[in-house]
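J.: Turn this into a model:
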Amino acid sequence: MELKKRIKLKEEKFGVVVFDTETEKVFVTNNIGKEIIEKLKEGKNLNQIVDELVKEYEEDSEQIRKDVNEFIEQLKKMDLVKE
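T.: Numbering: from 1, shown residues only. Below you'll find the model as predicted:
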């Protein structure tokens, strides 16, 4: 899974602004969302993203998996990622 090529990112203190150059829609996310997006840009899959976030934040893997899944589903609904 990866971000579509038409997507542009602008980093901010609070996270990242995601701009779809085709639809001209804007999506704003916090720093955790920014991390997930960066990992998607690196070509990482869901399991890799979850594993890295679990190590970094030392939180329950099931909760992180649920949160990452929900975030990725949002990106899919907005047509920002491709499988």
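J.: what separates stretch 57-76 from the chain centre, distance-wise?
T.: Its chain's C-alpha centre and that of stretch 57-76 lie 10 Å apart, by Cα atoms, centre = their mean, to the nearest Å.
J.: got a list of contacts for it?
T.: Residues from elsewhere that reach stretch 57-76 (Cβ atoms under 8 Å, 6 or more residues apart in numbering): 1, 3, 29, 32-33, 36-37, 40, 46, 49-51, 53-54, 81. No exception for glycine: its C-beta is placed from N, CA and C like everyone else's.
J.: Now, of those residues, which are buried?
T.: Using 16 or more other Cβ atoms under 10 Å as the burial test, the contacts of stretch 57-76 include 3, 29, 32-33, 36-37, 40, 49-50, 53-54, 81 as buried.
J.: Between all of these, which two are at the greatest distance?
T.: Leu3 and Val54 (22.4 Å; Cβ to Cβ).
J.: Do you have the strands of this protein handy? List them.
T.: Ranges of strands within the chain are 2-3, 7-12, 15-20, 26-30, 81-82, based on DSSP state E.
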